[in-house]
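1. Here is the input, now give the coordinates:
(2 chains)
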Amino acid sequence: MSLTGGARTAPGTALLESEGLDVKISHVTKRFNPNGPDVLQDISLSVRPGEFVSLVGASGCGKSTLLNLLAGLEKPTSGEILTDGAPTLMFQEPALMPWLTAGKNVELALLLRGVPRKERKEKAQQLLSMVHLDRSYNQRPHELSGGMRQRVAIARAIAQERKILLMDEPFAALDAITRDLIHEELSRIWKETGLTVIFVTHNVREAVRLGQRVALMSSRPGRIIQEWNVDIPEPRRLDSPPVAELARVITDELREEIRRHA
Amino acid sequence: MPESSTTVGTTPVTDDLGQLESGLDNLETGSRQRPSLKSSILKLLSPLIAIVAVIVIWQVIIYLQWQPEWIIPSPKAVLDSLGAQADQEILWQATFGSIKRAAQGFVIALLVATPIGLALGLNKYLRAIFGPLLTGLQQLPSVAWVPAAIIWFGLSDATIYTVILLGAVPSIANGLIAGMDQIPTLYLRAGQVLGATGWKKIRHIVLPAAWPGFLAGLEQGWAFAWRSLMAAELIAVSPALGLGLGQMLDIGRQLGDMALVLGSIIMIMAVGVLVDRLIFSPLRQRTLRNRGLAR
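-> Next comes the predicted model:
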């Protein structure tokens, strides 16, 4: 399945397999204007199957641009992106279709994937159960809270059965309690499904709380300047001391990076 | 369909996270309020106030004997005139004849306008080329086409349908285009991520997302179809065309029967209001309610 064409040819997939990777970004640079500045500069990142990688950075680091490139919504100016199949992407907004109920939103993903009509309803119900929304099948997006909508969006993303899930600051608009719970939800679903997740956020603690690996990006141009492995056992919470400690180290680096733009 | 590794079975709701989330969900989503029966009935009956007010003022004018009956007939005279037409079966023949023609013309207009609207909404070059023409046609009162249509098609149904189509098609197509313009980019991006391309994108993302604007275009298209039909019937009078409200109005004019003229006008308005109340208003309400846009 290819969204972008060129980047995801069969030899690319074979290459990924031989290297044991799900995502390989090699020396990717992105400019929106031929004479303009590099939004992303020489980005290289490899992600193994089933890995959870968090990308953090200040504003203007091109995090969202990188995800759009990975999702095939845009093309790199130079460099190469290989992914094992087209990834799915979750936005900061749940992006549910307001004319469909929660259940039908999930079913839309199934329909577009070619799941036969008869199986869709039951499958959608199962997926909603997975995000603890058993009773919300017939509710419309505007009748759900922000957290519930984002959980429907998770169920819809899972329904696509892609190997890679890209998340673009999906919980930025949620309140603290809701975010805590949805973190637990996402961690559990990630373990149960074995999805490869690339999670973009500006919240360093969130990045540490969720990721197995955290990559810090610089701003203008966006580059990956440092990576950390997160060896903190689950269950983690945003306020677990080891999470807070690593987050502080990364935040210091991030501040250093921001200061450079003063 | 083989089960893939990313499908997960039902999680028991008894787990801690599930309980926490369902508690929070219940706190964050209030109970939905349905309008009470009383307010629904009030809403249904309130237009009667205006009707009664008009009739009262009308009756007062009659009592004052400001103008002779043949210029301003009384409400009762108008009602009697309509009753007389009803006794001769003319009233219902004319009303249903007109409704049937307008409805047929509207359906044809819908079938013609939808592909035009989609094409112009999706393709900016087509839009740049044909958009102004469409808007020009929308600005032009379609009654202006009646003389031309009579020259082309004579006093036939083709003339009537031509005028209806030229009235309704631009409105419907422009409504669809406006609806497509107003689709938030987010839905298109989400659709793209979900793999909606080609016809599936149009069917599952573009058309439903553009529906509120499209519906507004359909309402306007119907209004234009109805008034174009009345204009056409008024001008193109021929036994071959059968009976319509426009023809009934013209008979009133020829006989100098003001009661029949006013009665015909009232019928033309009544059909318009009924179609809105029975078809477009419920559709509009449903659309707004479903999308959380109703106030």
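2. Give me the pLDDT value at the closest residue to chain A within the stretch 51-200 of chain B.
-> Here the residue of the stretch 51-200 of chain B nearest chain A is residue B:190; by CB to the nearest CB that distance is 3.9 Å. Yep, even glycine has a C-beta here, placed from its N, CA and C like the rest. Looking at residue B:190, its pLDDT reads 93.
3. Hmm, residue A:92 and it touching each other?
-> No: judged on CB atoms under 8 Å, residue B:190 makes no contact with residue A:92 at a distance of 12.0 Å.
4. thinking again about what came up before, so what's the residue of the stretch 51-200 of chain B closest to chain A up against?
-> Residue B:190 makes contacts with A:91, A:95-97, B:205, as judged by CB atoms under 8 Å, 6 or more residues apart in numbering or on different chains.
5. Which of these sits closest to residue A:134?
-> residue A:96 (17.4 Å; CB to CB).
6. any low-confidence regions in chain A?
-> Within chain A, the stretches with pLDDT under 70 are A:1-12.
7. Taking the stretch 151-262 of chain A, what residue is nearest to chain B?
-> residue A:193 (4.6 Å).
8. my bad, should have said chain A
-> Counting by CB to the nearest CB, chain A gets nearest chain B through residue A:142, at 2.5 Å.
9. Which pLDDT value belongs to the nearest residue to that residue once chain neighbours are set aside?
-> In space, residue A:142 comes closest to residue B:292 once its chain neighbours are excluded; the distance is 2.5 Å by CB to CB, 6 or more residues apart in numbering or on different chains. On pLDDT, residue B:292 comes in at 87.
10. One more: the one 3 residues further on?
-> Looking at residue B:295, its pLDDT reads 69.
11. wait, the residue of the stretch 151-262 of chain A closest to chain B sits on residue A:160?
-> No: the pair residue A:193 / residue A:160 is not scored as a contact, 11.6 Å apart, by CB under 8 Å.
12. tell me what the helix or strand hosting residue B:86 is packed against?
-> Element membership for residue B:86, per DSSP states H and E: helix B:75-87. With contacts taken as 3 or more CB pairs under 8 Å, 6 or more residues apart in numbering or on different chains; DSSP states H and E, helix B:75-87 sits against helix B:47-63, helix B:90-122, helix B:258-275.
13. at 6 Å instead, please
-> Judged by 3 or more CB pairs under 6 Å, 6 or more residues apart in numbering or on different chains; DSSP states H and E, the packing partners of helix B:75-87 are helix B:258-275.
14. CA atoms of the helix it packs on as CSV?
-> Provided in CSV are the C-alpha atoms of helix B:258-275 (Å, rounded to 0.1, in the frame of the first residue of the first chain):
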residue,chain,number,x,y,z
MET,B,258,-59.5,39.4,-8.2
ALA,B,259,-60.7,36.8,-5.6
LEU,B,260,-59.3,34.0,-7.9
VAL,B,261,-56.1,35.9,-8.5
LEU,B,262,-55.5,36.3,-4.7
GLY,B,263,-56.6,32.7,-4.1
SER,B,264,-54.1,31.5,-6.6
ILE,B,265,-51.3,33.6,-5.1
ILE,B,266,-52.2,32.2,-1.6
MET,B,267,-52.0,28.6,-3.0
ILE,B,268,-48.6,29.3,-4.6
MET,B,269,-47.3,30.6,-1.3
ALA,B,270,-48.9,27.8,0.7
VAL,B,271,-47.2,25.1,-1.4
GLY,B,272,-43.9,26.8,-0.9
VAL,B,273,-44.3,27.0,2.9
LEU,B,274,-45.6,23.4,3.0
VAL,B,275,-42.6,22.0,1.0
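15. Got phi/psi on residue A:25?
-> Main-chain dihedrals, residue A:25, degrees, to the nearest 10: phi -110, psi 120.
16. Contact residues of the stretch 1-150 of chain A facing chain B?
-> Contact residues (CB under 6 Å from any CB of the partner chain) of the stretch 1-150 of chain A with chain B: A:88-89, A:93, A:95, A:98-99, A:109, A:112, A:129-130, A:132, A:142, A:145, A:148.
17. same thing but 7 Å
-> Proximity of the stretch 1-150 of chain A to chain B (CB under 7 Å from any CB of the partner chain) is limited to residues A:71, A:73, A:88-89, A:91, A:93, A:95, A:97-99, A:108-109, A:112-113, A:115, A:119, A:126, A:129-130, A:132, A:134, A:140, A:142-145, A:147-148.
18. Helices - which of the residues you listed land there?
-> Under the assignment DSSP state H, the residues of the stretch 1-150 of chain A next to chain B contribute A:71, A:108-109, A:112-113, A:119, A:126, A:129-130, A:147-148 to helices.
19. Among these, which one is most surrounded by other residues?
-> Using other CB atoms under 10 Å in any protein chain shown as the neighbour test, these are led by residue A:109, with 27 neighbours.
20. Compute the distance between the residue lying closest to that one once chain neighbours are set aside and residue B:76, please.
-> In space, and not counting its chain neighbours, residue A:109 is closest to residue A:159: 4.0 Å by CB to CB, 6+ apart. To residue B:76, residue A:159 is 66 Å away according to CB to CB, to the nearest Å.
21. These two: who's more crowded?
-> residue A:159 (29 against 11).
22. quick one: contacts for the more buried one?
-> A:106, A:109-110, A:127 (CB atoms under 7 Å, 6 or more residues apart in numbering or on different chains).
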